[in-house]
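A.B. asks: no sequence on this one, just coordinates:
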Ligand SMILES: Nc1ncnc2c1ncn2[C@@H]1O[C@H](COP(=O)(O)OP(=O)(O)OP(=O)(O)O)[C@@H](O)[C@H]1O
Ligand SMILES: O=c1ccn([C@@H]2O[C@H](COP(=O)(O)O)[C@@H](O)[C@H]2O)c(=O)[nH]1
Ligand SMILES: [Mg+2]
């Protein structure tokens, strides 16, 4: 469970005032209101620990979810797939349901207001302090919103770098009944990835946070590139 460091603004009032007033349904390209948000104190756990945050990025079908499962098994992280959280919200009678459905069908990006709220809710209700945030941030607006509202940057970023033809092949044979696993939506998702997600990866690359994984080969071969990334930060992972 989580709490914020003592501050004049409580987290719940922050959520309602910052998110639901200032950011109400802003489109992904609108940066101005977000950049004016005040920074907040970083999230901190009851036991005083700060979370270890890994953003897991890569194109559709690059293997993010598959590798996250292995990281959870080996290093004990909590896996938060932004796409899964949105799909769960979509079928939960939420007011956002039809907006999420249409956005996913079109391969576009759900407003940060919704996604950041879902992610932070999961982080706050978890006893774990090591998080894999999979498939988020999708664009610069997502990134800025998360950093402002969480008061935290990722410790590291994993980028699963996979050729497009391999990603298309994997998604088309995934067979999980996802409404976006069809060739038309995949083409749109690939364009959105290139136009909006690659700049986020570039941003963190410049900060020295990106670990680029060549996402070809078997699942186990790819994991052997991932393992040393977490081995190298074991001390930080167990920080108090
Ligand atoms: N190295 C691999 N070789 C072959 N198939 C793989 C490999 N890694 C994952 N897959 C398969 O490819 C499909 C896509 O993988 P996964 O769901 O992990 O990708 P993802 O990056 O999470 O995709 P999305 O962004 O669409 O959620 C799955 O069916 C998975 O079993
Ligand atoms: O932060 C996010 C994550 C996802 N979406 C939307 O969901 C689909 C599927 O996401 P996956 O990560 O591939 O499961 C994605 O194409 C977006 O439409 C989002 O808007 N924001
Ligand atoms: Mg996935």
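C.D. replies: Ah, there it is. Since we're looking at a predicted model, the values are computed, not measured. Ligands and ions are numbered 1, 2, ... in the order given.
A.B. asks: which of the residues in whichever strand or helix holds residue 98 are buried?
C.D. replies: Residue 98 belongs to helix 97-105 when assigned by DSSP states H and E. Judged by neighbour count (16 or more other CB atoms under 10 Å), helix 97-105 contains these buried residues: 100, 103, 104. Where you see a C-beta, it was placed from the backbone N, CA and C, and this is true even at glycine.
A.B. asks: before we move on, what about stretch 169-186?
C.D. replies: Buried-residue list, stretch 169-186, by 16+ other CB under 10 Å: 170, 171, 180, 181, 185, 186.
A.B. asks: what pLDDT, on average, does that stretch get?
C.D. replies: Confidence for stretch 169-186, expressed as mean pLDDT, is 97.
A.B. asks: Could you work out the end-to-end span of that stretch for me?
C.D. replies: End-to-end span of stretch 169-186 (CA to CA, to the nearest Å): 10 Å.
A.B. asks: before we move on, what about stretch 81-98?
C.D. replies: 20 Å.
A.B. asks: Which pair of the buried residues of stretch 169-186 spans the longest distance?
C.D. replies: 170 and 185 (14.4 Å; CB to CB).
A.B. asks: Just say helix, strand or coil for whichever residue of the chain sits closest to ligand 2.
C.D. replies: As assessed by CB to the nearest ligand atom, ligand 2 sits closest to residue 83 within the chain, at 2.1 Å. Following DSSP: H, G, I helix; E, B strand; the rest coil, the label given to residue 83 is helix.
A.B. asks: what's the burial count for it?
C.D. replies: 19 (other CB atoms under 10 Å).
A.B. asks: With adjacent residues omitted, what lies nearest to it?
C.D. replies: Distances taken as CB to CB, 6 or more residues apart in numbering put residue 135 closest to residue 83, at 4.9 Å, once the chain neighbours are dropped.
A.B. asks: Model confidence score at the one you found, please.
C.D. replies: pLDDT at residue 135 comes out at 98.
A.B. asks: Residue ranges in the protein under the pLDDT threshold?
C.D. replies: 1-40, 44-48, 239-240 (pLDDT under 70).
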